[in-house]
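**Q** Give the three-dimensional model of this entry:
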Amino acid sequence: MTIQINEALFEETSHSPSLIDLVGYEEAQQIIDFCFIANPYYPTPAMVEEMVRQFPLLIKSYPSSNPLVGARHLAEVLNVDPEHLIIGNGATELITEVCHLLVSDIGVPIPTFGEYLEKIDRGRLRLYPLRAEDGYRLDLRHYLAWVERSSLHAALVINPHNPTGQLVSLDEMHDFLERARGLGLVIVDESFIDFSAVEVPSLLRSADRYPNLVIVRSMSKHCGVPGLRLGYCYTGNAQRVAHLRASLPTWNINTLAEYFLSLLPGTNAEYHAARQRVIEDVQWLYQALCQIDGITVYPTGANFVCFRVDNGMTAKEVQRRLLVEHRMYVRDCSNKQGMDRYHIRVASQGDEKDRQLISALPRVL
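**A** Numbering: from 1, shown residues only. From the prediction side, this is the model:
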């Protein structure tokens, strides 16, 4: 049966339209969603069963009015100070608050995650286009020199980069932050950093060294719970913590999300096993994509791989053919400002599904 696609949805958002919105609930169950950039192995089945068991009580209860309740559970697994950890209704809530409260003007490398472009008005936003001929790789020294020449107050770095997945090393990030001490604010988005290596190269442990640093992370990605809407930010700057906390609603996360946070300390070993399994899957997917003719594949430190289509087909054409002919949904990056019409992003969905993509993609190309 031919899939009926609601094409208008592609023009209405800078993100990928939800697969359910695109084709309907029933049809979506028959399609592999490679736009879904979340851990497929966590939460564990036992965690889900426990949340289902508690569901009748949770939906009849208010979440805590004390933000430190959830923060302490999360801080335990992150090994950070809960007093400096702010939990949000998804990372997007925190991105919105940080951009509205703390940013007077900011440099943003493009292409990037669309929320940073949409939540900062154009009068405060300066775009730093990454070069296609350099593989959209961010050179931090050149970027900081441009920020300083432009007399900007703040700078954004997404690491690993979204949408290419390319990783800046921890040593390079420390060097950048040391040289950027004169800036009023540095936002580092680490939403995919847990998939970069077995030893996570995050700035969280050293964030207190940089008073101008705010780290933003999405739990949708590394914990695999986009429907719970959980994200967090961390800063060693107590004044900024107070400012951000005061701007958030009292009950900004729901009871189900708060209960999920309480399960994290007891399942930390399972989480890291799941995370490492994703890393292995992505390494296989990257190597397999590199063997396919007609595409150029970018190195990745995330749980997804980005590639450029080189045979003349557009990303939109490849996306639609994979969806209609093979029931696979991949991310067409054409609506990413600063990127051309030929880039596709695919998130690993586990070994079996990834192998199906590797089988179908050459036939489409």
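**Q** Do me a favour and average the pLDDT over stretch 350-364.
**A** The average pLDDT for stretch 350-364 rounds to 97.
**Q** Break down the stretch 1-150 of the chain into its helices, ranges please.
**A** Counting by DSSP state H, counting those that start in this stretch, the stretch 1-150 of the chain has helices at residues 19-23, 25-28, 45-58, 67-78, 91-102, 114-118, 140-149.
**Q** With mean pLDDT and distance to residue 302 added, can I get those helices in a markdown table?
**A** C-beta here means a position set from N, CA and C on the backbone, and glycine is covered the same way. Shown next, in a markdown table, are the helices of the stretch 1-150 of the chain (pLDDT from 0 to 100; distance: least, Cβ to Cβ, whole Å):
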| stretch | mean pLDDT | distance to residue 302 |
| --- | --- | --- |
| helix 19-23 | 79 | 20 |
| helix 25-28 | 83 | 24 |
| helix 45-58 | 97 | 24 |
| helix 67-78 | 96 | 19 |
| helix 91-102 | 94 | 15 |
| helix 114-118 | 91 | 16 |
| helix 140-149 | 98 | 18 |
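**Q** Quick one: closest of these to residue 35.
**A** Comparing the helices of the stretch 1-150 of the chain against residue 35 with Cβ to Cβ, the closest turns out to be helix 19-23 (7.1 Å).
**Q** Does the closest one pack against any helices or strands, and if so which?
**A** helix 25-28 (3 or more Cβ pairs under 8 Å, 6 or more residues apart in numbering; DSSP states H and E).
**Q** List the buried residues for the helix it packs on?
**A** Neighbour-count burial for helix 25-28 flags 27-28 (criterion: 16 or more other Cβ atoms under 10 Å).
**Q** what are the ranges of the strands in the stretch 101-250 of the chain?
**A** For the stretch 101-250 of the chain, strands defined by DSSP state E, counting those that start in this stretch occupy the ranges 106-110, 125-129, 154-158, 185-189, 213-218, 230-234.
**Q** Residue 74 is nearest to which of these?
**A** strand 230-234 (6.4 Å).
**Q** Quick one: residues in contact with the closest one.
**A** Strand 230-234 is touched from outside by 71, 74, 78, 80, 84-94, 98, 191, 204, 207, 214-220, 223, 244, 253, 257, 260-261, with contacts defined as Cβ atoms under 8 Å, 6 or more residues apart in numbering.
**Q** pLDDT of it, averaged?
**A** Here strand 230-234 scores 97 as its mean pLDDT.
**Q** try stretch 160-177
**A** Averaged over stretch 160-177, pLDDT sits at 97.
**Q** starting at the chain centroid, how far to it?
**A** 14 Å (Cα atoms, centre = their mean, to the nearest Å).
**Q** Out of the strands of the stretch 101-250 of the chain, which is closest to residue 21?
**A** Set against residue 21 and scored by Cβ to Cβ, the strands of the stretch 101-250 of the chain come closest in strand 213-218, at 20.4 Å.
**Q** what packs against the closest one?
**A** So strand 213-218, by 3+ Cβ pairs under 8 Å, 6+ apart, packs with helix 91-102, strand 185-189, strand 230-234.
**Q** could you give the angle of the last one to helix 91-102?
**A** For strand 230-234 against helix 91-102, the angle by axes from the mean of the first three to the mean of the last three Cα atoms, to 10 degrees is 40 degrees.
**Q** Partner strands of strand 230-234 and their direction?
**A** The strands that strand 230-234 pairs with in its sheet are strand 85-89 (antiparallel), strand 213-218 (antiparallel) (by DSSP bridges).
**Q** Look at residue 321 and report its pLDDT.
**A** The per-residue pLDDT reported for residue 321 equals 94.
**Q** what about it, how many residues close to it?
**A** 17 (other Cβ atoms under 10 Å).
**Q** The one 5 residues further on too?
**A** Here the number of neighbours of residue 326 (other Cβ under 10 Å) works out to 17.
**Q** pretty sure it is touching residue 362, no?
**A** No: Residue 326 is beyond contact range of residue 362, at 11.3 Å (criterion: Cβ atoms under 8 Å).
**Q** okay, now the domains of this structure?
**A** 7-43+269-364, 55-265 (automatic domain parsing).
**Q** circling back to that earlier point, reformat the helices and strands packed on strand 213-218 as TSV; add mean neighbour count and distance to residue 140.
**A** What follows is the helices and strands packed on strand 213-218, written out as TSV (neighbours: other Cβ atoms under 10 Å; distance: least, Cβ to Cβ, whole Å):
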stretch	mean neighbour count	distance to residue 140
helix 91-102	20	20
strand 185-189	24	11
strand 230-234	25	21
